[in-house]
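In: structure for this input, please:
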Amino acid sequence: MAVYTSEQQDKLLKSIRLGETARVYLIFGERFLCQRAAEALCRELLAGGGTLHPIDGDLEPFANTLHKLTSFSLFPGRQVYRVTDSKLLHSVKVAESLWKKALQAKKNNVPDKAGRHLRNMLESAGLAPGDPDNDPGRFSPTQWKKLFGFAQPQEDLAWTGELLAAAPAVQEKSSDRSTDDPAALLEQKLSSGIPGQNFLILTAEDVDRRKRLYKYLADNQVVLDLSVEAGSGSRAQTAQKKVLLDLVQKTMAGFNKSMPPAVAEQLLERVGFHPVAVVMETEKLALSTGERPQITADDLETLVGRTRQEALYELTDSLGRQDLEKALLVAGRLGEHGVHPLAMIATLKNFVRNLLLFRALQEQPEYGYNRSMSQPAFQQQVMPRLKENIEWKQELTGHPFAVYMQFKTASSFRLATLRKWLELILSAEFRLKGSSIAAETVLQHLLLSMLTRDDKAVLQNK
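Out: Next up is the predicted model:
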């Protein structure tokens, strides 16, 4: 039938209301968006009556689900079988993505979620998660690369066996179906026909679009692609922002509220790309305003903390004070709360660039700066001279006291140290974008390189 994108989701729902339905709906991409889309599909399909059958794709073998789908139900109306975390379209090509998600869940102290992604990774490589011999932490680098298609992480992987051992037992497939490919079985049953009142909804975070089943579903059923480009590049940021703004607008509409674009921009800046958090914060704002129809900047300032910005400031502050222990602690906490490593790198890069600029300006006697001058003297004597050069307009647009404090911080470093720091940050950025080294390891190595004795800034008065 068709492949729909997030922008076409309303069109898909409208077609169902008009009676145009498919037997199978595959929804994949960002997890929260998939959950919301599946709920909307279920509401439309069951608007005339019927029963929803929720299925955990991580626990129930698909052969069992397929048996239900192809059987006539005793219940009246439509029967919708909604499979969450379907593994039908996994393959070794998505193993690295699943590994990264398992790592993130482990860091966030969500062992059940980490175990689910780990089991899915093993199954994507054709391995049975319940077999103790398939503990990835015991694989050699060569075995790992061959099975999963990416380099084995250079870290202690003992935790993988513990997670797999603690995972709930999964019912094995019946012997008469053990040699069958579930994806092929589904395609076969769909081609031959299934009971007219039965529908299947599959949701997954990752799919291999080159699989035959994906192509079959795209051509003959309905696929809803809700994937969002990851990363901190301009194109990725634009895509993420568009998704979040749409969530804000739809949430506001549900409360008959509105929010000025500038306020929405501030909300997204404070929350970051966390769809669940954006919806929750928007709902909190809508509920707090009572009968008032519009959310204001004052509402945002009162109810939505600047936690993300404050935490990033805490990281640069610890760097400026050369506090290695605090810098490592803050970086780890930011990672646990979902702040992308490249966002931390970008913050550090901007901070060090400004320090480098301000330290270089201090070498120019015409600006009249000295380390012992007070803030009022700096504002009256130095700031007017600095602002004569429009090239530095952006760097000098902050509050005069903030600029003064940055000048004081910069004066504590040698130019050579700041140049070295910038080189280290750029090297770390390249590693994050182009190597298989864990992001946490890259950030820790960066901070250690900047703040250990060999590279530590030397105070001018020492």
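In: show me the domain layout of this structure.
Out: Following automatic domain parsing, the chain resolves into domains at 1-227, 234-305, 309-451.
In: could you dump those domains into a markdown table with mean pLDDT and mean neighbour count added?
Out: Yep, even glycine has a C-beta here, placed from its N, CA and C like the rest. What follows is these, written out as a markdown table (pLDDT from 0 to 100; neighbours: other Cβ atoms under 10 Å):
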| stretch | mean pLDDT | mean neighbour count |
| --- | --- | --- |
| domain 1-227 | 85 | 17 |
| domain 234-305 | 87 | 16 |
| domain 309-451 | 82 | 17 |
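In: phi first, then psi, for residue 224.
Out: Backbone torsions for residue 224, taken as degrees, to the nearest 10, come to phi -120, psi 110.
In: what residues are up against it?
Out: Counting by Cβ atoms under 8 Å, 6 or more residues apart in numbering, residue 224 makes contact with 3-6, 9, 12, 25-28, 37.
In: do residue 229 as well
Out: Counting by Cβ under 8 Å, 6+ apart, residue 229 touches 235-236, 239-240.
In: in strands, which of the contacts of residue 224 appear?
Out: 3-5, 25-28 (DSSP state E).
In: tell me which two of those residues sit farthest apart.
Out: Farthest pair in those (Cβ to Cβ) is 5 and 25. Separation: 14.2 Å.
In: rewinding a little: just the contacts of residue 229 now: which is nearest residue 264?
Out: residue 240 (13.7 Å).
In: doesn't the closest one lie inside a helix?
Out: Yes. Under DSSP: H, G, I helix; E, B strand; the rest coil, residue 240 falls within a helix.
In: how near is the nearest residue to residue 99 once chain neighbours are set aside to residue 166?
Out: With Cβ to Cβ, 6 or more residues apart in numbering as the criterion, residue 99 has its nearest non-adjacent residue at 5.5 Å, and that residue is residue 121. Per Cβ to Cβ, to the nearest Å, residue 121 is found 16 Å from residue 166.
In: strands of this structure, start to end?
Out: Using DSSP E, strands in the chain cover 2-5, 24-29, 50-56, 78-84, 198-204, 222-226.
In: which helices and strands does the fourth one pack with?
Out: Meaning strand 78-84. For strand 78-84, the packing partners by 3 or more Cβ pairs under 8 Å, 6 or more residues apart in numbering; DSSP states H and E come out as helix 31-45, strand 50-56, helix 62-69, strand 198-204.
In: mind putting these into TSV with distance to residue 405?
Out: Listed next are these as TSV, based on distance: least, Cβ to Cβ, whole Å:
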stretch	distance to residue 405
helix 31-45	39
strand 50-56	53
helix 62-69	60
strand 198-204	49
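In: out of these, which is closest to residue 321?
Out: Going by Cβ to Cβ, the one of these nearest residue 321 is helix 31-45, 37.5 Å.
In: could you check the angle the closest one makes with strand 222-226?
Out: 150 degrees (axes from the mean of the first three to the mean of the last three Cα atoms, to 10 degrees).
In: what's the angle between helix 31-45 and strand 50-56?
Out: Using the same axes, to 10 degrees: helix 31-45 against strand 50-56 is 160 degrees.
In: helix 31-45 packs against which elements?
Out: So helix 31-45, by 3+ Cβ pairs under 8 Å, 6+ apart, packs with helix 9-17, strand 24-29, strand 78-84, strand 198-204, strand 222-226, helix 275-288.
In: show me what the second one is in contact with.
Out: So that's strand 24-29. Strand 24-29 is contacted by residues 6, 34, 37-38, 41, 86, 89, 186, 190, 199-207, 214, 217, 221-228 when judged by Cβ under 8 Å, 6+ apart.
In: adjacent strands (with direction) for it?
Out: Using DSSP bridges, strand 24-29 pairs in its sheet with strand 198-204 (parallel), strand 222-226 (parallel).
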